[in-house]
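> Any chance you can model this:
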Amino acid sequence: MSTLTDTPQRYGRISRILHWGMAALFAAQFLSAILHWALPRGNELRELLWSYHTNLGATLFLLVMLRGIWGLMNIPRRPHHTGLAGRLIVTGHVALYALMVAVPAVRLLAAATDTRGFSYFGVQIFSGRETALAWAQAPAEWHGEMGWILALLVVGHIALATLWHGMIKRDGTLKRMVG
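Numbers count the residues shown, from 1 in each chain. As a prediction, this is how the structure comes out:
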């Protein structure tokens, strides 16, 4: 049996790599946002980390899409959660994925329709427009707020996984996710 795909007993290697790799990138992304907010303008650390925020966000958007597709392909083989707790877990994961898609999507939409355009690690993806499209800029006004809500959901995800699976149920879920 392949160790790459998920099984009812454990998460496969690809799911674990995507999960933990994205966890590390999200930690860096949230750190850049926290320091951008907390440190004064001109602070070298603030500016350095913030300079990666957009490229990191676009990378996370691509990884979320890839992970979503991989997760959907593995649904029949994944470990199952039953009852009310199972429904709450699914609802929480849907909320996480919805925000992991929406937060960068509104910024990418704004970048595609504004005067600056968008470059991904120096490669021009969207050229700047002569005039920005106001209707496409408006959703991006919520990018920061949605990002903080996503951060809270991630903290909740970590806390609930640790408390519920690690301390209450002691069902080995954390062990299966680590590998």
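
> The most centrally placed residue in the chain: what's its closest spatial neighbour, skipping adjacent residues?
Note on the chain: the residue nearest the mean C-alpha position is residue 100, at 4.2 Å, using Cα atoms, centre = their mean. Nearest residue to residue 100 in three dimensions, chain neighbours excluded: residue 64, at 4.4 Å (Cβ to Cβ, 6 or more residues apart in numbering). All C-beta atoms are positioned from the backbone trio N, CA, C, and that covers glycine.

> does the residue nearest to the centre of the chain belong to a helix or a strand, and which?
For residue 100, the host element (DSSP states H and E) is helix 83-112.

> For that helix, list every residue counted as buried.
Across helix 83-112, burial judged by 16 or more other Cβ atoms under 10 Å covers 89, 96, 99-100, 102-112.

> show me where pLDDT drops low in the protein?
For the chain, residues meeting the criterion pLDDT under 70 lie at 1.

> And for this protein, the residue most distant from the center?
residue 130 (31.7 Å).

> wait, isn't that residue in contact with residue 115?
Yes. Assessed by Cβ atoms under 8 Å, residue 130 is found in contact with residue 115 at 7.2 Å.

> Residue 134: how many residues sit nearby?
9 (other Cβ atoms under 10 Å).

> ugh, typo on my part, it should be residue 174
14.

> hang on, isn't it packed against residue 167?
No. Using Cβ under 8 Å, residue 174 is not in contact with residue 167; the gap is 9.9 Å.

> Does residue 117 touch residue 123 like I think?
No. Applying Cβ under 8 Å as the test, residue 117 and residue 123 come out as separate, 11.4 Å apart.

> who's more crowded, the two?
More neighbours surround residue 117 than the other of residue 117 and residue 123, with 14 against 7 (other Cβ under 10 Å).

> re earlier: tell me, how many residues neighbour the residue nearest to residue 100?
21.

> and what of residue 18?
19.

> Look up the closest residue to it, ignoring the ones flanking it.
residue 67 is the one closest to residue 18 (Cβ to Cβ, 6+ apart), at 4.4 Å.

> what does the helix or strand where residue 56 lies contact?
Using DSSP H and E, residue 56 sits in helix 53-74. With contacts defined as Cβ atoms under 8 Å, 6 or more residues apart in numbering, helix 53-74 is touched by 5-6, 12, 14-15, 18-19, 21-22, 25-26, 28-29, 32-33, 36, 78, 97, 100-101, 103-105, 107-108, 118, 120-121.
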